[in-house]
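K.L.:
show me how the following folds:
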Amino acid sequence: MHSTWTTRSVFVMGALLLMASVCVAIVRSSARAPTALSRGQSIASAKVTERTRTEAALAPGVLLSDNFERDPMGADPPNGWAIADGRWNGVISNDTHVLQHGTGPYGHMVAGSMGWTDYTVSADVMPTPLRTSFAAVAGRYQDRGDYYQCDIHHATTLQLWRLRGGIPTLLDGRPVAIDPTRFSNLRLVMKGDQLSCVLNGVLLCSAVDDSLANGEVALIAGDMEAAEFDNVTVTTDRRTRA
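P.N.:
The predicted model follows:
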């Protein structure tokens, strides 16, 4: 009898140990599940666009900053940008990654927010030596016929334009001497109705106009103008970002 109970006790103990092992395995598996899910979520989160990550890391007052380095060669349009019209070659290599317009029709490459109002848009621009075309940065862009534009015109003039309803109006212009084989910095400043066009840090054109109060930014190239663009920034000194 004692031997029988001893045998039964061994079986009972064995069964209890087996059940305990199963329970521990289930608990461990359950504990791992959130970790695996968390990792999956992290991977998914890591796949957000490069532009979104860039925007999340921007300093206060910087609405957009893009040098196209995170875009692969041939990206057309680059991430975060939209082609409104024209023929673009997309991202190419010119020592660094740059955005190039193709030798085709007039083109607009657009980014940003329609909620942006008072801000400065700046870009390094290298136009071709064509005497019949232009390369520009634009602000308060609402569509292809409504925006302000600061451009290197015919490689000899800096000009500040308003387009309203598709009708261009020259607001100001100054002769300039630029090297079309090098990048020049173009900057369009918009504060209320005060507009300024700056070339390589020098304010050359200005105007007062209240036709357009808000809009996106655009990089623009004229017909047959294979202009290149780099280091695009949009900044604001407003306390509240758009």
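K.L.:
could you say which helix or strand holds residue 197?
P.N.:
strand 194-199 (DSSP states H and E).
K.L.:
quick one: mean pLDDT for that strand?
P.N.:
Strand 194-199 comes out with an average pLDDT of 98.
K.L.:
got the domain ranges for the protein?
P.N.:
Residue ranges for each domain of the chain read 1-47, 50-235, as given by automatic domain parsing.
K.L.:
what residue is smack in the middle of the chain?
P.N.:
residue 80 (4.6 Å; C-alpha atoms, centre = their mean).
K.L.:
deepest-packed of the domains of the chain, please.
P.N.:
domain 50-235 (a mean of 18; mean count of other C-beta atoms under 10 Å). All C-beta spots, glycine's among them, are computed from the backbone N, C-alpha and C.
K.L.:
as a check, name the ranges of all helices in this structure.
P.N.:
Along the chain, the stretches classed as helices by DSSP state H are 2-46, 50-56.
K.L.:
now do the end-to-end distance for stretch 99-118.
P.N.:
Start-to-end span of stretch 99-118 (C-alpha to C-alpha, to the nearest Å) is 25 Å.
K.L.:
got it, and stretch 98-109?
P.N.:
End to end - C-alpha to C-alpha - stretch 98-109 spans 13 Å.
K.L.:
stretch 213-224 now?
P.N.:
Stretch 213-224 has an end-to-end distance of 31 Å (criterion: C-alpha to C-alpha).
K.L.:
lowest average confidence across the domains of the chain, which one?
P.N.:
Here these differ in mean pLDDT, and the lowest is domain 1-47 at a mean of 38.
K.L.:
ok, what's across the strand from residue 174?
P.N.:
Beta-bridge partners recorded for residue 174 (DSSP bridges): residue 158.
K.L.:
hang on, the earlier thing: what residues does the strand holding residue 197 touch?
P.N.:
Contacts to strand 194-199, defined as C-beta atoms under 8 Å, 6 or more residues apart in numbering, come from residues 148, 150, 152, 158-160, 171-172, 176, 178, 184-189, 203-209.
K.L.:
from residue 182, how far off is residue 176?
P.N.:
From residue 176 across to residue 182, the span is 13 Å (C-beta to C-beta, to the nearest Å).
K.L.:
with residue 130 instead?
P.N.:
16 Å.
K.L.:
ok, now residue 165?
P.N.:
36 Å.
K.L.:
repeat for residue 68
P.N.:
18 Å.
K.L.:
endpoints of stretch 209-216, how far apart?
P.N.:
End residues of stretch 209-216 are separated by 17 Å (C-alpha to C-alpha).
K.L.:
off-centre distance for it?
P.N.:
21 Å (C-alpha atoms, centre = their mean, to the nearest Å).
K.L.:
list of residues touching it?
P.N.:
Contact with stretch 209-216 is made by 110-117, 139-142, 146-148, 162, 164, 171, 192-193, 195, as judged by C-beta under 8 Å, 6+ apart.
K.L.:
same check on stretch 112-124?
P.N.:
In this structure, residues lying in contact with stretch 112-124 by C-beta under 8 Å, 6+ apart are 63-64, 137-142, 183-192, 213-217, 219, 229-238, 242.
K.L.:
that stretch spans what distance, first to last residue?
P.N.:
Where stretch 112-124 begins and where it ends lie 18 Å apart, using C-alpha to C-alpha.
K.L.:
residue contacts, residue 162?
P.N.:
148, 149, 168, 169, 171, 207, 209, 211, 212 are the contacts of residue 162 under C-beta under 8 Å, 6+ apart.
K.L.:
quick check, nearest of those to residue 103?
P.N.:
Nearest to residue 103, judged by C-beta to C-beta, of those is residue 149 at 20.6 Å.
K.L.:
find the residues that touch each one of residue 176 and residue 182.
P.N.:
With C-beta under 8 Å, 6+ apart, residue 176 and residue 182 have no common neighbours.
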